[in-house]
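# Below: sequence and its predicted model.
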Amino acid sequence: MSTALSSLTGPLQRFSARHATRLPLVVTATLLVAMFSIGSLRYEGFFSAQVLLNVLIDNGFLLVVAIGMTFVVLAGGIDLSVGSMVALSTMLTAWLVERNGVPLALAVPLVLLVGAGGGALMGWVIHAFEIQPFIVTLAGMFLARGLCYTISTESIPLTDPTATRIAQTRVLLPGGLFVSPAVVIALTVLALAFVVLHHTRFGRTVYALGGNESSARLMGLPVGRTKIAVYAVSGLCSALGGLLMTFYMLSGYALHAVGMELDAIAAAVIGGTLLTGGSGFVLGTALGVTVLGLIQTVVSFQGTLSSWWTRIVIGGLLFVFILLQRLFGGSRPAE
Amino acid sequence: MAAPPTPRTPTRTGRPVLEAHGIRKAFPGVLALDGVDLRLFPGEVHALMGENGAGKSTLIKVLTGVHPPDAGTVSVDGAPQRFAEPLEAQHAGISTVYQEVNLCPNLSVAENILIGREPRRLGLVHWSALHRRAARLITELELDLDVRLPLSAHSLAVQQLVAIVRAVDVRAKVLVLDEPTSSLDRDEVAQLFALVRRLRDRGVAILFVTHFLDQVFDLCDRVTVLRNGRLEGEHRIDELTPVTLVHRMVGGELRTLDELAETSHTGTAAPVPADTPFLSARGLARAGAVQPYDLDIHRGEVIGLAGLLGSGRTEAARLLFGADHADGGELRIDGERAVLRSPRAAIARKIAFCSENRKAEGLIGELTVRENIVMALQAARGWTKPLSRTRQDEIAARWTEVLDIRPADPEAQVRNLSGGNQQKVLLARWLLTDPRLLILDEPTRGIDIGAKTEIQKLVTRLAAEGTAVLFISAELEEVLRLSHRVGVLRDHRLVATLPNDTSLTPDRILGAIATGATS
């Protein structure tokens, strides 16, 4: 004889309980469709796939950075250093290639290594000394931004022929559409991140850690290792994002990507990731980045609005989404 | 006196699966465990009982690898073990389910059961195998759950069951359940017990820690009783009654205190005044702290609250002081409805509360006797109207004398005073506000006999002057000597309010504590 324990009896109830966490994802997707539809109705030339692809081209690096941020936020942490890490990566790449004649093929892995190493170091400090991630990564943010200026206070243009060729490459798609290689890389990272988060032991531990850290510890999960790893992933993603930005801007500059950490957090939140950790999807983050990009596009199509309106709309959206998260959180069956 | 260790269920090997011998564990200033033994046989449910502070939690922490013992041995299947961390104890076959559910609410039931040991294919999590295996474990234990649902979709009770399923899947030989039922209702407890019995029948040894006596008699085969960090004994449950078990927990003979020569109270119940009580609680409750209770306190009346440590005495009193919010019931003061949102509101209605934990909640050790004494009066006046220094000095000097606080120096730092004198400072502070209801939570604990007697005399005198007193104490003799009526708490429930007439004896109160019955 078995005891029926579940209070959720109907198939519909079970379905909704099982998929409750995906609700924010649906909301964001709906918002995206709505924005695109309204834009298409209002502005001539808005309704085309290339407009969407351009959003990705202009925000590929943000997508990569935001994916790294999603790992950290899912694990219950936060990484404020990503914007500065992006800037440091652009600077380091340009400096190595232009000033020191290091071949691009060597500079790229070096920069990625610096990013991952820096992230791992912050993760280790957070874990070993039990310090708030907010404050550790804030220190990392100042440190990385400061290091940029020790390399150069001026912008370093990237004139390396390979780099300019990559920057001008277009990946052609059927129907006369095109994307940049950065988009391909960003989407590959997205697919990888999805597999890692949902189909590997490491990914599941990230969720467990964000769900309840002390439980995860008592369940015998490798809490410290995972924590360090998520910051390393975030560092690696910022370095990669920095490389993509170097090719996009064709320069290294200490003032690149100022405030990008906040864009990345905003994208994750709008994409349905809870800042308290443990709940969210990397695909949502991709939708979040697209929403942010589309706002920029709408503002530029409007033509009469100052570009600061992008910020105002993002701010408003963030408020709405955080309130929604609160409401979703409050309506959960238990606790 | 200990019964022969034959468990009711015959053992398969005749050898304990877990044996702890001579466990000793000291923390700075406290000897938490002193030479404690424990034996668990396969296929038995073994209760670990003792009052709060008896050393139950420390013993569990030693057994599960959280604290290494200072002395003594822990062996599993006859092999001595030394656990440096909980994971090592788990590997040795000792799993623990804590009072708080230690799982991840955001993950599915299946993941919570198997995370860290997920089946994998090509390095990736094999989800369908994971769900199959979790579902099989659930059905094996005769539960019925959708393992794909997130844990948070289930009630706390079901989460607790899932925690047990996880613990058992770690090939547990010994399952430690640390107060698993404290936040469950009756039906949920029944579900949990059914699962525990199934595990017992499969030969798992279960150590069950609880403070619910009836659950012990319901579920367990044997019991180990701890008292003050020492082993009181190991008994078969069927050779005990609730009353004898309580006796063993609190001490064989009741503590005696006969220093108090002539108190005015003679052990006869004062007639309950017919006028409206000063304070009247109806169905007052707070989830997880105290069940709904009714209590009237009249002017000049001393109400004693008796019960084991952890039975909800302090929790009940804190509701009357606004230190915790009641989430049910109503409180009337002088017949008028009152909602105490904070201690400030209670102080404004002339209710005073001397905390059990005088260091943490009452006194500020770095301040002087004078400063500590005037604190509540100053708070009652409002901080915009400071008491002049001369007035402060007067007050401090007077109360130091009245209560015979030693040293008789109002400028001495409170932390340098003895426990009894600190208690007097705390009392002085509240008496100064001229309270109409004085709540005293364990005012005589840990203080010397002389100070104890003086405090008892003071209570009697205050009551004679018309102050209502709620007197909480673990010492039944003391409660009986001072109180007009005695409220008995058991498992966070006020089970009886007994008039203190000649027929009320410590044994009758113990009986009420043990059985919840009034006679």
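Arrived safely.
# Now for residue B:405, how many residues are close by?
Per other CB atoms under 10 Å in any protein chain shown, the neighbour tally for residue B:405 reads 26. All C-beta atoms are positioned from the backbone trio N, CA, C, and that covers glycine.
# can I assume it is in contact with residue B:429?
No: the criterion here is CB atoms under 8 Å, and residue B:405 misses it with residue B:429 at 11.3 Å.
# okay, and the common contacts of these two?
Shared contacts of residue B:405 and residue B:429 (CB atoms under 8 Å, 6 or more residues apart in numbering or on different chains): none.
# ok, how many other residues are close to the closest residue in space to residue B:379 that isn't next to it in sequence?
What sits nearest to residue B:379 in space, not counting adjacent residues and going by CB to CB, 6 or more residues apart in numbering or on different chains, is residue B:347, at 6.6 Å. The number of residues packed around residue B:347, counting by other CB under 10 Å, is 21.
# Now do the contacts for residue B:347.
B:376, B:379, B:380, B:433.
# burial measure for the nearest residue to residue B:123 once chain neighbours are set aside, as a count.
In space, and not counting its chain neighbours, residue B:123 is closest to residue A:200: 6.9 Å by CB to CB, 6+ apart. The number of residues packed near residue A:200 is 16, by other CB under 10 Å.
# repeat for the one 10 residues further on
Other residues near residue A:210 come to 27 when the count uses other CB under 10 Å.
# Against residue A:197, how distant is it?
From residue A:210 across to residue A:197, the span is 11 Å (CB to CB, to the nearest Å).
# Identify the contacts common to these two.
residue A:74.
# Can you tell me which residues in the stretch 1-150 of chain B are near chain A?
Within the stretch 1-150 of chain B, the positions adjacent to chain A are B:86-87, B:90, B:98, B:101-107, B:111, B:115-116, B:118, B:120, B:123-125, B:127, B:139, B:142-146, B:148-150 by CB under 8 Å from any CB of the partner chain.
# top of the contacts of residue B:347 by neighbour count?
residue B:376 (22 neighbours).
# if I look at that residue, how far off is residue B:434?
Relative to residue B:434, and taking CB to CB, residue B:376 is found at 11 Å.
# How about residue B:370?
Here the distance between residue B:370 and residue B:434 works out to 18 Å (CB to CB).
# returning to that earlier point: shouldn't the residue nearest to residue B:379 be within a helix?
Yes: assigned with DSSP: H, G, I helix; E, B strand; the rest coil, residue B:347 falls within a helix.
# three-state assignment of the most centrally placed residue in chain B?
Closest to where the C-alpha atoms of chain B average out (CA atoms, centre = their mean) is residue B:310, at 1.9 Å. Under three-state DSSP, residue B:310 falls in the coil class.
# can you give me phi and psi for the residue lying closest to residue B:435 once chain neighbours are set aside?
Leaving aside its sequence neighbours, residue B:435 sits nearest to residue B:352 (CB to CB, 6+ apart; 3.7 Å). The phi/psi pair for residue B:352 (degrees, to the nearest 10) reads phi -120, psi 150.
# Check residue B:505 too.
phi -120, psi 160.
# Point out where chain A drops to low pLDDT.
A:1-14, A:328-335 (pLDDT under 70).
# ok, back up a step: next step: the residues of the stretch 1-150 of chain B next to chain A restricted to helices.
The members of the residues of the stretch 1-150 of chain B next to chain A that map onto helices under DSSP state H are B:86, B:87, B:90, B:111, B:127, B:139.
# Now the stretch 1-150 of chain B against chain A: closest residue?
Nearest residue of the stretch 1-150 of chain B to chain A: residue B:104, at 3.3 Å (CB to the nearest CB).
# In contact with residue B:330: list those residues for me.
B:281, B:282, B:283, B:284, B:337.
# Save these as CSV, and put in neighbour count, distance to residue A:86 and secondary structure too.
Supplementary listing: those in CSV, determined by neighbours: other CB atoms under 10 Å in any protein chain shown; distance: CB to CB, whole Å; DSSP: H, G, I helix; E, B strand; the rest coil:
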residue, neighbour count, distance to residue A:86, secondary structure
B:281, 23, 62, strand
B:282, 14, 64, strand
B:283, 13, 61, strand
B:284, 22, 58, strand
B:337, 9, 62, strand
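# Redo these as CSV? Include distance to residue A:181 and pLDDT.
Listed next are the contacts of residue B:330 as CSV, based on distance: CB to CB, whole Å; pLDDT from 0 to 100:
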residue, distance to residue A:181, pLDDT
B:281, 74, 90
B:282, 75, 91
B:283, 71, 90
B:284, 70, 90
B:337, 73, 88
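# Give me the phi and psi for the residue nearest the centre of chain A.
Nearest to the geometric centre of chain A sits residue A:66, at 0.5 Å (CA atoms, centre = their mean). The phi/psi pair for residue A:66 (degrees, to the nearest 10) reads phi -70, psi -30.
# any idea how far chain B is from it?
Using CB to the nearest CB, to the nearest Å, we find residue A:66 at a distance of 21 Å from chain B.
# close enough to count as contact, that residue and residue A:273?
No: using CB under 8 Å, residue A:66 is not in contact with residue A:273; the gap is 9.6 Å.
# tell me, what's touching these two both at once?
Residues touching both residue A:66 and residue A:273 (CB under 8 Å, 6+ apart): residue A:285.
# contacting residues for the residue lying farthest from the centre of chain B?
Distance from the C-alpha centroid of chain B, by CA atoms, centre = their mean, peaks at residue B:122 (50.7 Å). The contact partners of residue B:122, by CB under 8 Å, 6+ apart, come to none.
# Equivalent analysis for the one 5 residues further on, please.
Taking CB under 8 Å, 6+ apart as the definition of contact, the neighbours of residue B:127 are residue A:199.
# Repeat that for residue B:179.
B:99, B:209, B:210, B:211.
# pLDDT weak spots in the stretch 101-250 of chain B?
B:170, B:182-183.
# where along it do the strands fall?
Remark: strands assigned in the stretch 101-250 of chain B by DSSP state E, counting those that start in this stretch are B:120-121, B:124-125, B:143-144, B:174-178, B:205-209, B:222-227, B:230-236.
# Is chain A within reach of the fourth one?
No: legend: contact between strand B:174-178 and chain A by CB under 8 Å from any CB is lacking; minimum distance shown is 11.8 Å.
# so what does that strand touch, helix or strand wise?
Counting contacts by 3 or more CB pairs under 8 Å, 6 or more residues apart in numbering or on different chains; DSSP states H and E, strand B:174-178 is packed against helix B:56-63, strand B:94-97, helix B:156-169, strand B:205-209.
# can you redo the ones you listed as JSON lines with distance to residue A:252 and mean neighbour count?
Shown next, in JSON lines, are those (distance: least, CB to CB, whole Å; neighbours: other CB atoms under 10 Å in any protein chain shown):
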{"stretch": "helix B:56-63", "distance to residue A:252": "55", "mean neighbour count": "23"}
{"stretch": "strand B:94-97", "distance to residue A:252": "54", "mean neighbour count": "25"}
{"stretch": "helix B:156-169", "distance to residue A:252": "51", "mean neighbour count": "23"}
{"stretch": "strand B:205-209", "distance to residue A:252": "62", "mean neighbour count": "24"}
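# mind checking which of these is nearest residue A:135?
helix B:56-63 (31.6 Å; CB to CB).
# helices or strands up against that closest one?
strand B:18-27, strand B:30-40, strand B:45-49, strand B:174-178, strand B:205-209.
# Now do that helix and strand B:174-178, the angle between them.
Helix B:56-63 runs at 150 degrees relative to strand B:174-178, counting by axes from the mean of the first three to the mean of the last three CA atoms, to 10 degrees.
# what about the residue of the stretch 51-200 of chain A found nearest chain B, neighbour count?
Using CB to the nearest CB, residue A:199 is the residue of the stretch 51-200 of chain A that sits closest to chain B, at 4.2 Å. The number of residues packed near residue A:199 is 18, by other CB under 10 Å.
# can I assume it is in contact with residue B:124?
Yes: the pair residue A:199 / residue B:124 is scored as a contact, 4.2 Å apart, by CB under 8 Å.
# Can you list the buried residues in stretch B:76-89?
Neighbour-count burial for stretch B:76-89 flags B:76, B:77, B:81, B:83, B:86, B:87, B:89 (criterion: 16 or more other CB atoms under 10 Å in any protein chain shown).
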